[in-house]
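Novice: Provided below for reference: sequence and predicted model.
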Amino acid sequence: MSDSGEEDVELEARLREQEYFRPPAKFVGQANVSDPAIYDRFEEFPDGFEEYANLLDWDETWDQVLDASNPPFYEWFTGGELNASYNCVDRHLDERKNQTALLWEGEDGEQRNISYRDLYREVNEMAAALRSIGVEEDDVVTLHLPMVPALPVTMLACARLGAPHSVVFAGFSATALAERVDSADSDYVVTIDGYYRRGELLDHVQKADAAMAEADRDPEVLVWTRHDEVDDSVDVSDDYTMVADLLDDHRRERVDPVSRDAEDPLFLMYTSGTTGEPKGCQHRTGGYLSYAAGTSKYVLDIEPEDTYWCAADIGWITGHSYIVYGPLALGTTSVMYEGAPDHPHKSRTWEIAEKYDVDIFHTSPTAVRQFMKWGAEYVEGYDFDFRHMTTVGEPIQPEAWLWYYKHIGGEDAVIVDTWWQTETGGHLITNLPALEDMKPGSAGLPAPGIEPALLDDDGEELEPASGRAGNLIIKKPWPGMLQTVYGNDERFISEYWEDFSDTDSDDWTDWNYKAGDGAVHERDGYFRILGRLDDVMNVAGHRLGTMELESAVSEVQDVAEAAVVSRDHTEKGEVPDVYVILREGVEESDEVRQRIVGAVEDEIGKFARPANVVFVDDLPKTRSGKIMRRLLENISNDKDLGDTTTLRDPSVPERIRDQVKAD
Ligand code: WT7
């Protein structure tokens, strides 16, 4: 038996005998929260949340904590005014101007150590540069940047001007970028010539070229450079403005932070929903920043003296809240790494942890499963000592949890699983690390002031801690919640509220936020998240809508009809499988398969690439013609088909299954 086989047996045995794990005493002794009275303070609704708002510097104090008079359009800290860039940068200068704010490591080994003073200078110069090309308060600026310092610098420069940013993950394709530029009415795009991934300099600006050709709008494009000069291998259009040139004109300039109303939007973050069109989740300035800072302090246990590393990408909400806004609002030192965890070798993560003496480490279950697969030998010999570790994005299997605990945490670090969403702005279900026992596989208790519940499909609330599964809802508003879907209040209501609220009521207690996830409220009060109940899948922690994938596949001329379902995957959690009916006369071939895969890469991005493309003669449909994706999902996951009698042709799923098995 191999070592890993023996280890699996040992991990399983340990999990059988031990359900809960105590947080280490040395952690508890130093934690930011060690008194359970915090839950009582937040029982005072909504005033408990002032504790988070008080972590910030306000230009004008709020008059009212929550205005719930027009649900679900809640307003937080109304009358308050503040600037997010001031809170993340300027206010730290007195005490920690020489402290490192961002410790950046390029994949090629380049390093930058950006102090709070450097950050202040760079953010001001970039704000001046943006203003000089016409960016004004409330203009949406689209950022298509990878994990380089230019990204947080540009975000904070936008925040300084009161211009909401809309960061599009660098892995998104030109088409996805164009769609988001148009959807956000954005007249400015900030990109970069290239960046490193697995040793290769990727030409990134070409995505902007293609996006500008596709978009209806005609935004001004600004281009950062990965090195001091444009790389010769990359061709940058003369139509674009080089950020480096602009900055030269604005050296040492200062821009006063624009005082923003607490309810003014800070940013948009697009995410996938149940239709083909991504939603621009709009986050407010005061409530969002308060919630990101508060949860960074209480859940992530961040102290200014810490070195904190969240190994997510700033292009997703995790990076917004827990690389940029939360940690910088608290004045800590945050690590940022450009590249792949296995470049140039599989110990890169632990090498960085050792080099920068990281105290707090934040990653995804997908990454943990990958580290686990690579093996503990890649961790051994690296000298780092995490006090706190987290996971986010998907449920973590108890075996993966225990491996993380043992091999990365040395059985001496606390671990919290944090459940939340792009829409929620910050953690909603998570233990407070010093207060609750860890339980592998469970997200834990609700965060302070958060009231989740489970409803059955008829909307009836399940008994608390019943041990049963239901639709996860949140009963009370919280400051980090999205304000609306940009430009589409109806969609905001239909996606998140309509199903489980009395939409005629103007009493907020009749409104419930629908998370779209299934969960079990266990008898010990912990929530175990089961995953999405809607047509949204979670691929390596990235959320993808079935409809978006299907519409990308349908772009291919050869395709008559397509259905996309998720298949469980040992490392990535889920992967998309595509079932396709080809048009009359089109032969099945690898070329067609390649065209389909290519279409998904072009429309969305390489990270969304389908795992399997299955050519079929027919799809399982109801008599009214609706595709029963659930049956295909059962086929993909080798599960029982279940009832097929309502199908127009009940023999279809069997035929597909035989075909998949034969392949
Ligand atoms: C969906 C939200 C929030 C940052 C990353 C993803 C799933 C998120 C957990 C967790 C189980 C989780 C849910 C959720 N999810 N965290 N700790 N345990 N599932 O943000 O892209 O908006 O996706 O991710 O299904 O609805 P997102």
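Specialist: Received, thanks.
Novice: which stretches of the stretch 451-600 of the chain have low pLDDT?
Specialist: Under the criterion pLDDT under 70, no range of the stretch 451-600 of the chain is flagged.
Novice: could you pull out the strands for it?
Specialist: According to DSSP state E, counting those that start in this stretch, the stretch 451-600 of the chain carries its strands in the segments 452-455, 469-474, 484-485, 513-521, 527-532, 536-539, 542-545, 559-569, 573-582.
Novice: between these, which gets nearest to residue 445?
Specialist: strand 527-532 (7.4 Å; CB to CB). C-beta here means a position set from N, CA and C on the backbone, and glycine is covered the same way.
Novice: Count residues in the vicinity of residue 142, would you?
Specialist: Neighbours of residue 142 under the rule other CB atoms under 10 Å: 30.
Novice: related to what we said a few turns ago, quick one: the strands of the stretch 451-600 of the chain as a markdown table, columns for distance to residue 113 and mean neighbour count too.
Specialist: Formatted as a markdown table, these follow (distance: least, CB to CB, whole Å; neighbours: other CB atoms under 10 Å):
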| stretch | distance to residue 113 | mean neighbour count |
| --- | --- | --- |
| strand 452-455 | 41 | 20 |
| strand 469-474 | 40 | 21 |
| strand 484-485 | 39 | 24 |
| strand 513-521 | 39 | 22 |
| strand 527-532 | 38 | 19 |
| strand 536-539 | 34 | 22 |
| strand 542-545 | 30 | 23 |
| strand 559-569 | 38 | 20 |
| strand 573-582 | 35 | 23 |
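Novice: Rebuild those as a markdown table, extending it with distance to the ligand.
Specialist: Compiled in a markdown table, the strands of the stretch 451-600 of the chain are given as follows (distance: least, CB to the nearest ligand atom, whole Å):
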| stretch | distance to the ligand |
| --- | --- |
| strand 452-455 | 12 |
| strand 469-474 | 8 |
| strand 484-485 | 13 |
| strand 513-521 | 5 |
| strand 527-532 | 4 |
| strand 536-539 | 5 |
| strand 542-545 | 3 |
| strand 559-569 | 12 |
| strand 573-582 | 9 |
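Novice: is it true that residue 538 touches residue 394?
Specialist: Yes: using CB atoms under 8 Å, residue 538 makes contact with residue 394 at a distance of 5.3 Å.
Novice: what touches both of the two?
Specialist: Here residue 538 and residue 394 have 531, 573 as joint contacts, going by CB atoms under 8 Å, 6 or more residues apart in numbering.
Novice: max-length helix in the protein?
Specialist: For the chain, the longest helix by residue count, based on DSSP state H, is helix 116-132.
Novice: Tell me the helix or strand right after that one.
Specialist: strand 141-143 (DSSP states H and E).
Novice: helices or strands next to that following strand in the packing?
Specialist: Strand 141-143 sits against helix 150-161, strand 165-167, helix 174-183, strand 188-192, with contacts defined as 3 or more CB pairs under 8 Å, 6 or more residues apart in numbering; DSSP states H and E.
Novice: rerun that using 10 Å as the cut-off
Specialist: Strand 141-143 sits against helix 150-161, strand 165-167, helix 174-183, strand 188-192, strand 220-224, strand 265-271, with contacts defined as 3 or more CB pairs under 10 Å, 6 or more residues apart in numbering; DSSP states H and E.
Novice: Save these as JSON lines, and put in mean pLDDT, mean neighbour count and distance to residue 75 too.
Specialist: Output for these, formatted as JSON lines (pLDDT from 0 to 100; neighbours: other CB atoms under 10 Å; distance: least, CB to CB, whole Å):
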{"stretch": "helix 150-161", "mean pLDDT": "98", "mean neighbour count": "27", "distance to residue 75": "20"}
{"stretch": "strand 165-167", "mean pLDDT": "98", "mean neighbour count": "26", "distance to residue 75": "22"}
{"stretch": "helix 174-183", "mean pLDDT": "97", "mean neighbour count": "23", "distance to residue 75": "24"}
{"stretch": "strand 188-192", "mean pLDDT": "98", "mean neighbour count": "26", "distance to residue 75": "28"}
{"stretch": "strand 220-224", "mean pLDDT": "98", "mean neighbour count": "22", "distance to residue 75": "33"}
{"stretch": "strand 265-271", "mean pLDDT": "97", "mean neighbour count": "25", "distance to residue 75": "12"}
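Novice: closest to the ligand out of these?
Specialist: Proximity to the ligand (CB to the nearest ligand atom) singles out strand 265-271 among the helices and strands packed on strand 141-143, at 5.2 Å.
Novice: Quickly run through the sheet partners of that closest one, with directions.
Specialist: Paired strands of strand 265-271, with direction, are strand 165-167 (parallel), strand 279-284 (antiparallel) (DSSP bridges).
Novice: Can you pull the residues of the stretch 151-300 of the chain lying near the ligand?
Specialist: Proximity of the stretch 151-300 of the chain to the ligand (CB under 6 Å from any ligand atom) is limited to residues residue 271.
Novice: Show me which residues of the stretch 301-450 of the chain sit near the ligand.
Specialist: Residues of the stretch 301-450 of the chain lying close to the ligand (CB under 6 Å from any ligand atom) are 317-318, 392-395, 417-422, 443.
Novice: now, among those residues, which is nearest to residue 432?
Specialist: Of these, the one sitting nearest to residue 432 (CB to CB) turns out to be residue 418, at 11.1 Å.
Novice: residues contacting the closest one?
Specialist: By CB atoms under 10 Å, 6 or more residues apart in numbering, residue 418 lies in contact with 295, 299-300, 318, 322, 362, 390-393, 426-431, 443-444, 447.
Novice: which outside residues touch stretch 225-233?
Specialist: If you take CB under 10 Å, 6+ apart as the criterion, stretch 225-233 is touched by 106, 108, 110, 146, 148, 150, 192-196, 201-205, 223, 234, 236, 242-245, 338.
Novice: What about those residues, which are in helices?
Specialist: Counting by DSSP H, those place 150, 205, 243-245 in helices.
Novice: Closest one of those residues to the ligand?
Specialist: So of the ones in helices among the contacts of stretch 225-233, ranked by how close each gets to the ligand (CB to the nearest ligand atom), first place is residue 150, at 22.8 Å.
Novice: Just give the closest residue to that closest one, not the sequence neighbours.
Specialist: Closest residue in space to residue 150, ignoring its immediate chain neighbours: residue 224 at 4.2 Å, by CB to CB, 6 or more residues apart in numbering.
Novice: same thing with residue 617?
Specialist: Nearest to residue 617 is residue 581, by CB to CB, 6+ apart, at 6.9 Å.
Novice: who's in contact with the one you found?
Specialist: So residue 581 contacts 559-563, 615-619 (CB under 10 Å, 6+ apart).
Novice: what domains does the record give for this structure?
Specialist: Using automatic domain parsing, the domain parsing of the chain gives 3-430, 538-662.
Novice: Let me see the backbone angles for the one residue in the stretch 301-450 of the chain that gets nearest to the ligand.
Specialist: Nearest residue of the stretch 301-450 of the chain to the ligand (CB to the nearest ligand atom) works out as residue 422 at 3.3 Å. Dihedral angles of residue 422 (phi, psi; degrees, to the nearest 10) stand at phi -50, psi -40.
Novice: same check, this time on residue 49
Specialist: Reported as degrees, to the nearest 10, the phi and psi values for residue 49 are phi -70, psi -10.
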